[in-house]
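Q: return a 3D structure for these sequence lines:
(4 chains)
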Number of protein chains: 4
Amino acid sequence: MTKPRPDSAAQALAEATARAMWARDRAAQALGIEIVRVAPGRALATMMVRRDMVNGLAICHGGLIFSLADTAFAYACNTYNRNTVAAACHIDFLNPAKEGETLAAAAVERALSGRTGVYDVTVRVGRRTIALFRGKSYRIAGEVMASLEEAAR
Amino acid sequence: MTKPRPDSAAQALAEATARAMWARDRAAQALGIEIVRVAPGRALATMMVRRDMVNGLAICHGGLIFSLADTAFAYACNTYNRNTVAAACHIDFLNPAKEGETLAAAAVERALSGRTGVYDVTVRVGRRTIALFRGKSYRIAGEVMASLEEAAR
Amino acid sequence: MTKPRPDSAAQALAEATARAMWARDRAAQALGIEIVRVAPGRALATMMVRRDMVNGLAICHGGLIFSLADTAFAYACNTYNRNTVAAACHIDFLNPAKEGETLAAAAVERALSGRTGVYDVTVRVGRRTIALFRGKSYRIAGEVMASLEEAAR
Amino acid sequence: MTKPRPDSAAQALAEATARAMWARDRAAQALGIEIVRVAPGRALATMMVRRDMVNGLAICHGGLIFSLADTAFAYACNTYNRNTVAAACHIDFLNPAKEGETLAAAAVERALSGRTGVYDVTVRVGRRTIALFRGKSYRIAGEVMASLEEAAR
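A: Below is the predicted model of the structure:
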């Protein structure tokens, strides 16, 4: 019998929180975003660039690249099951993404102290970097899973 | 007969460019964004927070608030009919927006020299400020209307 | 006898707070920064680009342009005599400044709700825009003047 | 006799460029900044918080923390001996630094394509993170060492 790894409770909490968020996250669902995996302070999300996501030059609208990055950020900073919101975000657009390509956004925690955290998200298509995103999070009152239950009532 | 105002040619160009961009801007159309008006270096865009735009707490997904601001920025920095793209954007989220509310994003040019410009976008619901956005633009080769015609072929 | 303007108490508080901050602000003093004027939510500061402020190409070090902007921001967001610190700042560098030129940084409040505020600072030499700065402030416990007295003991 | 490592020419160029920049970088010298080491796309710089670097609350002026980070960024993005300047910077202040403490700023390249690059700088005192900085670089004409020689004439 294997002993559970020391962080298995934290991992289980991260996964349960992500599932609870996802069930009610209509915006991410409508964008076709998939939460591939989460871990404490981390998340990986993907999104295919659909025909209704491009602008007149057939490249993905920057706002939707941002939306994917922001979603990965949101799932990463809520993995502790404590309600956390975005206070500010910065994005550098490096390369365009085309219709039909699949974007992958990987979020990692860079700092967390008191109520605020900083998360870096790298958005790629294969090995090509599309955008670098940095988000500042702010923890508010309440727990994610409890809040979602209340909102559902 | 009234003489045209000195800036009427610039205004006409801004409006023609916006119409051409809009006709092919599937992303903005899919989000229900409306370009209310443009002027050289300026744009006003609105978007209603739909049911598929909210997260688990019934507030508008930050990525979609960003998408509206980014759209106003794009229309403002392309009003001279010269292809201009977003190099980087920063957004501060100040207050949440709820389902059913209509967001208005007003973009103004703060600086333009050489190939780069800086635009400020204020996103409001009525008199409540939802977010402050600042975008840096970079002018690339070509003209907006010509490029759209080529892309359409 | 003239009646005081409705905001004269706020103006007097802003000026008293700035004087108290300045008396102990060794960093701003060492940089030769001058606080030209303050008003509630606003500040104007100047700094001459000295010989020891330039880099190898004889243009002002970006960090010192930032320092001037950050100082104007700090004085603007503390005009209410409530301890307020910088949470994050963003700066776009638009044009270089040369040795011997005098930079003027004008800070204005763009938003203030709860503990956080957003301030825009424009740094100019004459009519040339050198940099655009945006700072996010966070109010902490205590009053500026009382804190300075305690620190002085 | 040991064969040189494949990247030894790039490393030698990085070091020569840093020495040339430093010799004329009066601003960094005046701040007591030390360039501890460079490598292609990387730099480590330190600065002690002096008495003339603190504000009224005896903590290091944010502008000077920024100046250190910006210096590490400048040395990192110029390690290829091609003139490169800061286009925009963003800094999140996480913890205060006190008089007498030594700040270490480590800059790493996150992306570089065409004329633009993105660099992340982490500023620490020991294991405490003081600030996270992200800078966007823009390559202009000319070489660093040649430009410095011209400026010196």
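
Q: what about chain A, any weak spots by pLDDT?
A: The model of chain A has pLDDT under 70 over residues A:1-6, A:56, A:147-153.

Q: could you rerun that using 90?
A: For chain A, the stretches with pLDDT under 90 are A:1-7, A:24-27, A:55-59, A:113-114, A:141-142, A:144-153.

Q: how about the helices of it, start to end?
A: A:8-24, A:26-30, A:62-77, A:144-152 (DSSP state H).

Q: of all these, which lies closest to chain C?
A: helix A:62-77 (15.0 Å; CB to the nearest CB). For the C-beta atoms, the positions are set from N, CA and C on the backbone; glycine is no exception.

Q: near chain C at all, the closest one?
A: No. Using CB under 8 Å from any CB of the partner chain, we find that helix A:62-77 stays clear of chain C, coming within 15.0 Å at best.

Q: now that helix and helix A:8-24, what's the angle there?
A: For helix A:62-77 against helix A:8-24, the angle by axes from the mean of the first three to the mean of the last three CA atoms, to 10 degrees is 140 degrees.

Q: among the helices of chain A, which comes closest to residue C:139?
A: Nearest to residue C:139, of all the helices of chain A, is helix A:62-77, at 22.5 Å by CB to CB.

Q: tell me the buried residues in that closest one?
A: By neighbour count with 16 or more other CB atoms under 10 Å in any protein chain shown, helix A:62-77 contains the buried residues A:62-77.

Q: can you narrow those residues to ones near chain D?
A: Of the buried residues of helix A:62-77, not one also sits near chain D (CB under 8 Å from any CB).

Q: neighbouring strands for the longest strand seen in chain A, and are they parallel or not?
A: The strand that spans the most residues within chain A, counting by DSSP state E, is strand A:128-143. With DSSP bridges as the test, strand A:128-143 is paired with strand A:82-93 (antiparallel), strand A:116-125 (antiparallel).

Q: which of the residues in that strand are buried?
A: A:129-139.

Q: residue A:108 is in contact with residue A:120, correct?
A: Yes. Residue A:120 is within contact range of residue A:108, at 5.6 Å (criterion: CB atoms under 8 Å).

Q: of the two, who's got more company?
A: Between residue A:120 and residue A:108, counted using other CB atoms under 10 Å in any protein chain shown, residue A:120 has the larger neighbour count: 21 against 16.

Q: who does that one form a beta bridge with?
A: Beta-bridge partners, per DSSP bridges, of residue A:120: residue A:108, residue A:134.

Q: what sits against it?
A: A:107-108, A:110, A:132-134, D:120 (CB atoms under 8 Å, 6 or more residues apart in numbering or on different chains).

Q: where's it relative to chain C, distance?
A: Residue A:120 is 14 Å from chain C, where distance means CB to the nearest CB, to the nearest Å.

Q: mind checking how far that residue is from chain B?
A: 15 Å.

Q: then residue A:41?
A: Distance from residue A:41 to chain B, by CB to the nearest CB: 19 Å.

Q: now that residue. Its backbone dihedrals?
A: Dihedral pair for residue A:41: phi 80, psi 10, per degrees, to the nearest 10.

Q: residue B:35: which of the buried residues of strand A:128-143 is nearest?
A: Of the buried residues of strand A:128-143, the one sitting nearest to residue B:35 (CB to CB) turns out to be residue A:131, at 24.3 Å.

Q: out of everything not next to it in sequence, what's closest to the closest one?
A: In space, and not counting its chain neighbours, residue A:131 is closest to residue A:123: 4.3 Å by CB to CB, 6 or more residues apart in numbering or on different chains.

Q: also residue A:103?
A: Here the residue nearest residue A:103, using CB to CB, 6+ apart, is residue A:47, at 5.2 Å.

Q: repeat for residue A:28
A: Residue A:28 sits nearest to residue A:71 (CB to CB, 6+ apart), 5.1 Å away.

Q: contacting residues for that neighbour?
A: Residue A:71 neighbours (CB under 8 Å, 6+ apart): A:25, A:28, A:31, A:33, A:35, A:45, A:105, B:61, B:63.

Q: same deal with residue A:103?
A: Going by CB under 8 Å, 6+ apart, the list of residues near residue A:103 reads A:46-49, A:60, A:65, A:68, A:97, A:123-125, A:130.

Q: any idea how far residue A:44 is from it?
A: Taking CB to CB, to the nearest Å as the measure, residue A:103 falls 11 Å from residue A:44.

Q: what do you get for residue A:87?
A: For residue A:87, the distance to residue A:44 - CB to CB - is 23 Å.

Q: more neighbours: which of the two?
A: residue A:87 (22 against 19).

Q: these two touch, right, that one and residue A:139?
A: No. Taking CB under 8 Å as the definition, residue A:87 is not a contact partner of residue A:139, at 10.1 Å.

Q: can you list residues touching both of those two?
A: Both residue A:87 and residue A:139 are contacted by residue A:116, under the criterion CB under 8 Å, 6+ apart.

Q: related to what we said a few turns ago, distance between the longest strand of chain A and the chain's centre?
A: 7 Å (CA atoms, centre = their mean, to the nearest Å).

Q: got it, and stretch A:139-149?
A: 17 Å.

Q: how about stretch A:79-98?
A: 7 Å.

Q: same check, this time on stretch A:100-117
A: 6 Å.

Q: next, the buried residues of it.
A: Applying 16+ other CB under 10 Å to stretch A:100-117 flags A:101, A:103-112, A:116-117 as buried.

Q: contact partners for residue A:134?
A: A:89-91, A:110, A:118-121, D:90, D:92, D:132, D:134.

Q: from residue A:80, how far out is it?
A: Distance from residue A:134 to residue A:80, by CB to CB: 20 Å.

Q: one more: residue A:95?
A: Separation of residue A:95 from residue A:80 (CB to CB): 33 Å.

Q: and what of residue A:109?
A: 10 Å.

Q: check residue A:30 too.
A: Taking CB to CB, one finds residue A:30 at 26 Å from residue A:80.

Q: just residue A:89 next, same as before
A: 20 Å.

Q: who has more neighbours, those two?
A: Using other CB under 10 Å, the more surrounded residue of residue A:89 and residue A:80 is residue A:89, with 26 against 18.

Q: my guess is that one contacts residue B:90. True?
A: Yes. Between residue A:89 and residue B:90 a contact is recorded at 7.3 Å, counting by CB under 8 Å.
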